[in-house]
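Student: Structure of the sequence below:
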Amino acid sequence: MIRWSLDLVARATGGDLTPFSGLELTGISTDTRSLLPGNLFVPLVGPDFDGHDFVEKAFASGAAATLWARPGEPARRPAVQVADTLTAYQDLARFHRRRLAIPVVAVTGSAGKTTTKELCAAVLGSRFEVHKTARNYNNEVGVPRTLLELLPSHQVAVVEMAMRGAGQIRQLARLADTRAALISSIGEAHIELLGSREAICDAKGELLEELGPGSTAVLPAECEFFERLKSRTRCEVLSFAVEGPADVRPVRLESLGVLGWRLEVECLGRRSELEFPAPGRHNLSNLMGVLAVAAIFGVTPEDAAPAIAAFRGAELRMEVRQLPAGLVLLNDSYNASPAAMEGALEVLGSATGRRLAVLGDMLELGSFAPELHRRVGEAARRQQLDVLVAVGEESRALAEAARGGSGEVHWASDREQAWELLRPRLSPGDTVLVKASRGMGLDWVAQRLQEAPLPLS
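Tutor: Alright, predicted model coming up:
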């Protein structure tokens, strides 16, 4: 553990130190519920909360000092006065990251960021002591938290970066001082705010513009914006693809359906055989990108083969579960975008037996929502599902577009109604996909499936 002092905090943030010079700290916390004795408390401020209201609680819990951005000073409390506590928190993360010479891999993309981050950490972990973003702490608060958790024992950090608007990736990249940047995909996520895929591409491309000398960008060769992304950096670029020419690509593929892939991969001219238990072409693409990152650090596919074969994705992200009721559950209920929906339907289409899906609204698509929900409905129709239950107002368009295939199509207003429609239609041997944006709460349906014994009538 690297210790902090209040003087160092003032130096890192440019803040004003109250008369408690020399005070030693044990760490930095933004949450009184997890704060440890001796920590510096950072009272973050949001639209509906103000952490300054919890400063006294923080001291009662053992805080040694606090940042402070209100007028005046906290009475008789060790504090560093700053203009803005979030900016100061980010300054602390930037300062800490630079005093540890640990290379950072930044991972972003329109879909699958967390799964790609987990896979990258597992592959690099074949050789190195890896620190990674916990859960999905990938925003303006989560990235500083990840960087502040770096220890001298770490050899590589894998940091997930998300954005909802222009300028946000750039801000995170400047904190991380990235050695390798992986952009997994450019899709429609957050198109409501950015207005076009071109604007989404440019927002993701901010990461490339912040790469310093000696860094490497890892980009998807199959993406229509590959050249646009490549033009954003003067650093070395490695490409990856599932089909077509690239620095990293599969040269032989055998689909194992929902159980994943058996493949031969060519990585920078060297061929290796692998087994990868994550189904779907999108996960295969993520693997190619991760292998390119690994090559930067001297980790070969052979080195990583055991970690790749043992990989299991993050919770609620294309979890494949054999249920006691005789069902196979594809639980991909954490989030959804059009490209991710299509990828999940492709996985479902590879299943044996009857194929059922519960698909809910994709949020944050704005005026593009009807068109993009229809696109997903058409993809569902092409897969010839046995049963589709579409959930939510936006998914009315999905259900309409899905009709005309060989199976049943139903619409439900909420998850409870969706379960009532799905339950009597289940049989042993069925494979069931559950996917929607997080706000739809369809993990509740996945949980019902895991708890319910057959018969389900």
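
Student: where along the stretch 151-300 of the chain do the helices fall?
Tutor: 168-176, 191-194, 197-209, 226-230, 281-296 (DSSP state H, counting those that start in this stretch).

Student: So for Val104, which of those sits nearest?
Tutor: helix 168-176 (4.7 Å; C-beta to C-beta). From N, CA and C alone the C-beta is placed, and that goes for glycine too.

Student: what angle do the closest one and helix 197-209 make?
Tutor: Our comparison of helix 168-176 with helix 197-209, counting by axes from the mean of the first three to the mean of the last three C-alpha atoms, to 10 degrees, yields an angle of 10 degrees.

Student: which of the helices of the stretch 151-300 of the chain sits most buried?
Tutor: Of the helices of the stretch 151-300 of the chain, the one with the most neighbours on average (mean count of other C-beta atoms under 10 Å) is helix 281-296, at a mean of 25.

Student: Quick one: mean pLDDT over it.
Tutor: For helix 281-296, the mean per-residue pLDDT is 97.

Student: from the middle of its chain, how far away would that helix be?
Tutor: 15 Å (C-alpha atoms, centre = their mean, to the nearest Å).

Student: Just the CA coordinates for it, please, in CSV.
Tutor: The C-alpha coordinates for helix 281-296 follow below in CSV (Å, rounded to 0.1, in the frame of the first residue of the first chain):
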residue,chain,number,x,y,z
ARG,A,281,-19.2,-13.8,-33.3
HIS,A,282,-19.0,-10.6,-31.2
ASN,A,283,-17.1,-12.5,-28.4
LEU,A,284,-14.8,-14.0,-31.0
SER,A,285,-14.0,-10.5,-32.3
ASN,A,286,-13.3,-9.4,-28.7
LEU,A,287,-10.9,-12.3,-28.3
MET,A,288,-9.0,-11.2,-31.5
GLY,A,289,-8.7,-7.7,-30.1
VAL,A,290,-7.5,-9.0,-26.7
LEU,A,291,-4.9,-11.3,-28.4
ALA,A,292,-3.5,-8.2,-30.2
VAL,A,293,-3.2,-6.4,-26.9
ALA,A,294,-1.5,-9.4,-25.4
ALA,A,295,1.0,-9.5,-28.2
ILE,A,296,2.1,-5.9,-27.3
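
Student: In the helix or strand just after it, which residues are buried?
Tutor: Sequence-wise, the next helix or strand downstream of helix 281-296 (DSSP states H and E) is helix 301-309. Residues Pro301, Asp303, Ala304, Ala305, Ala307, Ile308 are the ones in helix 301-309 that count as buried (16 or more other C-beta atoms under 10 Å).

Student: and if you look at stretch 22-42?
Tutor: Buried-residue list, stretch 22-42, by 16+ other C-beta under 10 Å: 23, 25-30, 32, 35, 38-42.

Student: What of stretch 422-439?
Tutor: Neighbour-count burial for stretch 422-439 [16+ other C-beta under 10 Å]: Leu422, Arg425, Leu426, Ser427, Asp430, Thr431, Val432, Leu433, Val434, Lys435, Ala436, Ser437.

Student: Turn those residues into a markdown table, including distance to Thr352, pLDDT and secondary structure.
Tutor: Shown next, in a markdown table, are these (distance: C-beta to C-beta, whole Å; pLDDT from 0 to 100; DSSP: H, G, I helix; E, B strand; the rest coil):
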| residue | distance to Thr352 | pLDDT | secondary structure |
| --- | --- | --- | --- |
| Leu422 | 20 | 97 | helix |
| Arg425 | 18 | 95 | helix |
| Leu426 | 16 | 95 | coil |
| Ser427 | 13 | 93 | coil |
| Asp430 | 10 | 96 | coil |
| Thr431 | 8 | 97 | strand |
| Val432 | 13 | 97 | strand |
| Leu433 | 14 | 98 | strand |
| Val434 | 19 | 97 | strand |
| Lys435 | 20 | 97 | strand |
| Ala436 | 25 | 96 | coil |
| Ser437 | 29 | 94 | coil |
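
Student: Specify which member of the residues you listed is nearest to Val389.
Tutor: Nearest to Val389 out of the buried residues of stretch 422-439 is Leu422 (C-beta to C-beta; 5.4 Å).

Student: What's the separation between the closest one and Phe95?
Tutor: For Leu422, the distance to Phe95 (C-beta to C-beta, to the nearest Å) stands at 52 Å.

Student: same question, Glu264
Tutor: 45 Å.

Student: Likewise for Leu253?
Tutor: From Leu253 to Phe95 the distance is 46 Å (C-beta to C-beta).

Student: out of those two, which sits in the busier spot?
Tutor: Phe95 (18 against 14; other C-beta atoms under 10 Å).

Student: Pull the number of nearby residues for Glu254.
Tutor: Around Glu254 there are 11 residues (other C-beta under 10 Å).

Student: measure it to Glu264 for me?
Tutor: 9 Å.

Student: in which helix or strand would I find the closest residue to Arg438 other than its chain neighbours?
Tutor: Closest residue to Arg438 apart from its sequence neighbours, by C-beta to C-beta, 6 or more residues apart in numbering: Asn335 at 5.0 Å. Using DSSP H and E, Asn335 sits in no helix or strand.

Student: pLDDT at Asn335, what is it?
Tutor: Taking Asn335 on its own, its pLDDT is 89.

Student: For Met440, see how far away it is.
Tutor: 10 Å.

Student: In terms of packing, which of these two has more residues around it?
Tutor: Counted by other C-beta under 10 Å, Asn335 and Met440 do not tie: Met440 has more neighbours, with 26 against 22.

Student: My read is that the more buried one contacts Val391, right?
Tutor: Yes - in this structure, Met440 is within contact of Val391 by C-beta atoms under 8 Å, at 6.4 Å.

Student: where do the contact lists of these two overlap?
Tutor: Gly360, Asp361, Arg415 (C-beta atoms under 8 Å, 6 or more residues apart in numbering).

Student: These in helices, which ones?
Tutor: Among the shared contacts of Met440 and Val391, DSSP state H puts Arg415 in helices.

Student: Output the shared contacts of Met440 and Val391 as JSON lines; include the columns pLDDT and neighbour count.
Tutor: Putting the shared contacts of Met440 and Val391 into JSON lines (pLDDT from 0 to 100; neighbours: other C-beta atoms under 10 Å) gives the following:
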{"residue": "Gly360", "pLDDT": "98", "neighbour count": "29"}
{"residue": "Asp361", "pLDDT": "97", "neighbour count": "21"}
{"residue": "Arg415", "pLDDT": "97", "neighbour count": "23"}
